[in-house]
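S.K.: need a structure here:
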Amino acid sequence: MSAHTRCRICQTQLPEPFLDLGPMSLANAFLKNRSDFKKEPRFPLAVAGCPDCGLVQLTETVPPEQLYRNYLYVSSTSDAVRVYASTLAARICARYRLGPEDRVAELGSNDGLILKAFQGLGTQVLGIEPARNLARIAQARGVPTVSEFFCAKTVRKILSGKEKGKQARVLLGRHVFAHIDDWHDFMAAADHFLTPDGVLLIEVPYLKNLLEADEFDTIYHEHLSYIALAPIARLAEMTGFQLIEAEPVALHGGSILMTLQRKGSGRPTSNLKTLLAAERKLKLTDPAAFNRFAGRVRRWKGRFESLVQRIAESGGRLAGYGAAAKANTLLNFCPEAAARLVCVLDRSPHKQGLWTPGTHLPVRSPEGWNPNGITHLVILAWNFQEEIVRQMESFRAGGGRFLIPIPAPRVI
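M.R.: This is a model prediction of the structure:
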């Protein structure tokens, strides 16, 4: 692990963190055996805001090789993400009039879900996915995938190999840009990889939603940055691009899909101007906003742990649903509440049979699950609340209740 002391956009010295969640296990480093518990590493997890450009970022970074070469989040396990994949591909193909001669490349392409949708619409595709286990899944599904990190070196290798000269008309990065440390290298790679009329599409969790809904559990070691539009406009300007559009996305607790093109290739939309003006009005990247958020997070912890304690002391038994990365931030931040959970349910076969990092709860399949006295399910993957409640209708029909932790702990 290494200290991150200067902003990855403007190189300004970072101030002291405004929120420190303490030492934590890596959010996706699930454990195979009980014998692994004692030797499990923990790393500092704190965030600071750049006083110049406003980018929020971790103050310590874990090497990407340690985080991503074997990765357990699989896109296809979510019904909502599968639906979104189809609609997103259709919208992009229609907007840019993509055809069989056009290539769509995706960085962090996971199991190929999104690119499979583009393939079905007739475009050429290429995935760039550092997790070797996920790249193998994508390749088995017929999605060409390079198992490497997206960077200038990787792009040179792709364009000089069997894909010689085949640039991308669209370069898509969904919920991976915040995982990248060297953004200037990334932008250089994108510039080299895109066709002259190419478009860079970046979807990330939106800082506005994180601050307004107290979504502190979005903070974990993989997410190096927490992104508003103004800092990205600054980065684009510095690297020969421009931010021309931004569209809210409901997934993952509130995300934003940003469109970037080379300077002179387009003009910022009125919608983008409105969103940037709203950020300025809200003083979204003001240190005072960060400090207020930190105070609310500390108060939230007390309310959540008190609610879990009351349920347990009144005879209730609790389990969690959703062994997501955000779940592990939440559970490790609230160890007293975590200790009251019997297990965590998750649909991903890649996580079932393992133990959650830090809190060491067994991960079990919801298929055929016997509640065995469980009265409350804590929906840890609260961003998929509706989907999970629908999946667990039999639990509710039997008298079970759901505890929704974010933004305010409540039982439904």
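
S.K.: for the lowest-mean-pLDDT helix or strand in the chain, list every residue counted as buried.
M.R.: For the chain, counting by mean pLDDT, DSSP states H and E, helix 64-68 ranks last in confidence among helices and strands (a mean of 86). Of the residues in helix 64-68, 64, 67-68 count as buried by neighbour count, 16 or more other CB atoms under 10 Å. Any C-beta I mention is one placed from the backbone N, CA and C, and that applies to glycine too.

S.K.: again, but for stretch 165-180
M.R.: With burial defined by 16+ other CB under 10 Å, the residues of stretch 165-180 counted as buried are 167-180.

S.K.: go on, stretch 95-111?
M.R.: Residues of stretch 95-111 classed as buried: 96, 98, 102-111 (neighbour count, 16+ other CB under 10 Å).

S.K.: same thing with stretch 227-244?
M.R.: Buried positions in stretch 227-244, judged by neighbour count with 16+ other CB under 10 Å: 227-236, 239, 241-244.

S.K.: stretch 278-295 now?
M.R.: Under the neighbour-count criterion of 16+ other CB under 10 Å, stretch 278-295 has 279, 284-285, 289-290, 293-294 buried.

S.K.: figure out the helix or strand that residue 304 lives in.
M.R.: In the assignment (DSSP states H and E), residue 304 maps to helix 287-313.

S.K.: list the strands paired with the helix or strand that comes right after that helix, with their directions.
M.R.: Under the assignment DSSP H and E, the closest C-terminal helix or strand after helix 287-313 is strand 318-321. Taking DSSP bridges as the criterion, strand 318-321 forms sheet pairs with strand 341-345 (parallel), strand 376-379 (parallel).

S.K.: may I see the buried residues of the helix or strand following strand 318-321?
M.R.: In the C-terminal direction, the helix or strand that comes right after strand 318-321 (DSSP H and E) is helix 325-333. Of the residues in helix 325-333, 325-333 count as buried by neighbour count, 16+ other CB under 10 Å.

S.K.: hey, what's the angle from helix 325-333 to helix 287-313? Just curious.
M.R.: Inter-element angle recorded for helix 325-333 and helix 287-313: 80 degrees (by axes from the mean of the first three to the mean of the last three CA atoms, to 10 degrees).

S.K.: going forward, the N-terminal residue is numbered 7.
M.R.: Okay, residue one is now 7; in that scheme the one you just asked about reads as helix 331-339.

S.K.: hmm, who's touching the helix or strand just after helix 331-339?
M.R.: Per DSSP H and E, helix 331-339 leads on to helix 341-344 as the next helix or strand towards the C-terminus. Here helix 341-344 makes contact (CB atoms under 8 Å, 6 or more residues apart in numbering) with 310-311, 314-315, 337-338, 365, 367.
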